[in-house]
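[1] Got a predicted structure plus its sequence, pasted below:
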Amino acid sequence: MLKQMREAQGWMIKGVLWAVVAAFLVTIFYSWGVQSSNAPTRSEVATILGRRIGIAEFQQAQNALYQTYRNIFGNRNDIDLRERFNFREMALEQLAQRSLLLRLAQQENLQVTDAELYDRIARIPAFQEDGRFDPTRYQAVLRQQVPPIPLKQFEADQRQALLAEKVYDVVQSSVQVTAVEVQAAYQRQHEQIAARYVTLVPSLFTAQVSVTDDEVKAHYESNQERYQEPEQRQIRYAAVSPKRFPYSGEITPDMVTDYYETHPEEFTRQEEVQARHILFKVASNTDDEQEAAVRAKAEKILAELRDGADFATLAKEHSEDQASAEQGGALGRFPRGRMVPPFEAAAFSLPVGELSDLVRTEFGFHIIQVEDKIAAGVKPMSEVENDIKTLLRTEQEEESALAFVDDLMVLLEEDPAQFETLAAQHELDVITPPLVPRTGRIAKLEAVPRLVPRVFELEQGAIGTVEGPDGVHYVFQVANIQPASVKPFEGVQTQVREDLQQQKSQELARQTADDWAAQVQSGTPLNELATPLGVEVVETDLFKRDDAVPQFGRSAAFSKTAFDLAPGDAASVHERDRHVVVQVTQRQAASMEGFEAEQSAVRQRLLAQKRQQARTAFDNSLRAQYLQLRQEGEIVVNPQYVF
């Protein structure tokens, strides 16, 4: 079936991509036949085309998705990711699509060699030391995950990911770009227009808008979701710190040795250099003559240093790196990868005490002096023995704290009403902070972001615990739930009136732009319409489709609308609070003089665009197949999981 896709010439022009992809996916079911999908057992989340999905696999996919979105949104307090995104459904769809891709790979006899697998893993930065794959670090990183990831499982997952990528590669390899398409893309890119336009914003029409009390009340009644007080919750909690359980036992030499030998990755140190430098800056727009003058100045200072002048003194007087100049050019210690490549190469190749020749980087010319070097290697146990003892004591204290919390949770889950009584018995302070919304943070516990989402998962009176970044356990009880409620009209009346005025002004600006565009199209001069309102008519010079619109900025909507117009024609463009009336005054066809020079780049850009379109179409078809499988019962979800 993939062969058919590769042979489908001109598919983008002929519009047959969807049909090809759909046929491609349908082949899955007729090539193997869909297995009978038995219902999942209690220990399984779902069955997908007969394949059983265990809790661990499903949880791993769900956690990975959550982490991805958390990285995208950062630490924004106004967004509850678990409320906004259904990670369970997303994880199920992801696993189903992976099953479809792996079947397609099997159908096409696609294989991943051991060399390809090794190359993929070796390129992952987390497994590298000084830019090179380190097998010891690789295994250590997998062990450090929570829970630890078995080596075979990780490599099997990576092999599957490579197979899926190969399916996408085959899909995208079917894409072709013709000479006609390349020329048309070049012409489209270099075509130019000139235009006149006005921009209408809601504030221009505020004075024309009237709002009655009845309208304000009606707007409030029909938009109450905008004037809600969100649900808030209050907890009472007690903090259990490992420091409460100081470890007084002996840390034996054997314990220290065992930890040292089984955790070598914790005691490795990178090669480091301690150096000073003097920088003579060269701006990016400096011409050859100016650069030669800077070089001459740098060479003069270098000669003085080689004659015995004090490096720190000359750095303070001449270096243009102000931060280090004040310290006599001192940069401290740094490992590989910290400095720009030419600087790094020179610094790490110099013997201690030596001066470099002039080193040219993107910043200018440097003179470097190496003061000390630390070789890469494993720190001797004598150097880290005390650190290991401290670490082992801390681990013992953390285990004692965890055991205490486990016992406390058992008692509280049996009788949540005894929260304060038990806390008093164990001399734990109970703190009751103010109510907090789902998107908020609990006072003085801002560093425990997982706490609030956990609180909103529980019922009134329920008990929970989370661990903070410092190892402290926070045992809490949901003390109060204040449901979401609509704010009283009297309290938001001013805001409602302003919102309605803004809405009416926005509607009037939009309608005026549409009306003016129609009038200009019928022959009314744009200036005649704009003058009474005091709006500037902007007359542009020629600009290209991808250029910023003069005095307006980049706008895909503006450019698309304007470039679709013939000279003299007019149209309206609506972009958030800006409503534009644009009339094209001139159109200039692309000059083909530069076509030969740009032809290759245009072809590559067009090919990349079409490949992305092919991938998107393929992804859409995968999703359609997933939804169909769910509807037809070929994906069966365990009833105890809510999706």
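    Yep, that arrived.
[2] so where's the stretch 451-600 of the chain uncertain?
    In the prediction, the stretch 451-600 of the chain carries no residues with pLDDT under 70.
[3] For it, which segments count as strands?
    With DSSP state E, counting those that start in this stretch, the ranges of strands along the stretch 451-600 of the chain come out as 463-467, 473-482, 485-486, 538-539, 543-544, 570-575, 578-588.
[4] First residue to last residue on stretch 371-382, what's the distance there?
    Stretch 371-382 has an end-to-end distance of 26 Å (criterion: C-alpha to C-alpha, to the nearest Å).
[5] for stretch 205-213, same thing?
    Taking C-alpha to C-alpha, the first and last residues of stretch 205-213 lie 20 Å apart.
[6] and that stretch, how far out from the chain's middle?
    For stretch 205-213, the separation from the chain centroid amounts to 43 Å (computed by C-alpha atoms, centre = their mean, to the nearest Å).
[7] Just give the nearest non-adjacent residue to Thr394, would you?
    Leaving out its chain neighbours, the residue that sits closest to Thr394 by C-beta to C-beta, 6 or more residues apart in numbering is Pro242, at 6.8 Å. Where you see a C-beta, it was placed from the backbone N, CA and C, and this is true even at glycine.
[8] Just the pLDDT at that neighbour, thanks.
    Note for Pro242: predicted pLDDT of 94.
[9] what residues are up against it?
    394, 397-398, 400-401, 471-472 (C-beta atoms under 8 Å, 6 or more residues apart in numbering).
[10] Any chance of CSV for those, columns secondary structure?
    CSV is the format used below for the contacts of Pro242 (DSSP: H, G, I helix; E, B strand; the rest coil):
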residue, secondary structure
Thr394, helix
Glu397, helix
Glu398, helix
Ser400, helix
Ala401, helix
Gly471, coil
Val472, coil
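[11] about what we covered before: nearest approach to Gly249 belongs to which of the strands of the stretch 451-600 of the chain?
    Across those, Gly249 has its closest neighbour in strand 473-482 (21.3 Å, C-beta to C-beta).
[12] For Phe476, grab the count of nearby residues.
    Neighbourhood size, Phe476 [other C-beta atoms under 10 Å]: 25.
[13] and Val240, how far is that from Ser400?
    10 Å (C-beta to C-beta, to the nearest Å).
[14] Next: Ala325.
    Per C-beta to C-beta, Ala325 is found 52 Å from Ser400.
[15] Between those two, which is the more surrounded one?
    Higher neighbour count among Ala325 and Ser400: Ala325, with 20 against 15, using other C-beta under 10 Å.
[16] picking up where we left off before, which of the contacts of Pro242 has the weakest pLDDT?
    Gly471 (87).
[17] contacting residues for it?
    241-242, 394, 398, 401.
[18] cool, Gly131 as well?
    336-337.
[19] Next, it: phi, psi?
    phi 80, psi 0 (degrees, to the nearest 10).
[20] okay, it: pLDDT?
    Looking at Gly131, its pLDDT reads 78.
[21] Distance check, it against Gln270.
    As judged by C-beta to C-beta, Gly131 and Gln270 stand 11 Å apart.
[22] any weak-confidence spans in the chain?
    Judged by pLDDT under 70, the stretches of the chain that qualify are 1-43, 75-80, 146-147, 640-643.
[23] looking at it, which residue ends up farthest from its center?
    For the chain, the residue at maximal distance from the C-alpha centroid (C-alpha atoms, centre = their mean) is Asp307, at 52.9 Å.
[24] Quick one: residues contacting the closest residue to Ser485 other than its chain neighbours.
    Of all residues not flanking Ser485 in the chain, Glu229 sits nearest, at 5.1 Å (C-beta to C-beta, 6+ apart). Contact analysis of Glu229 by C-beta under 8 Å, 6+ apart lists 484-487.
[25] now Asp288
    Taking C-beta under 8 Å, 6+ apart, one finds nothing in contact with Asp288.
[26] ditto for Glu93
    Glu93 neighbours (C-beta under 8 Å, 6+ apart): 623, 626.
[27] Ok, the one 5 residues further on next?
    By C-beta under 8 Å, 6+ apart, the residues touching Arg98 are 160, 164.
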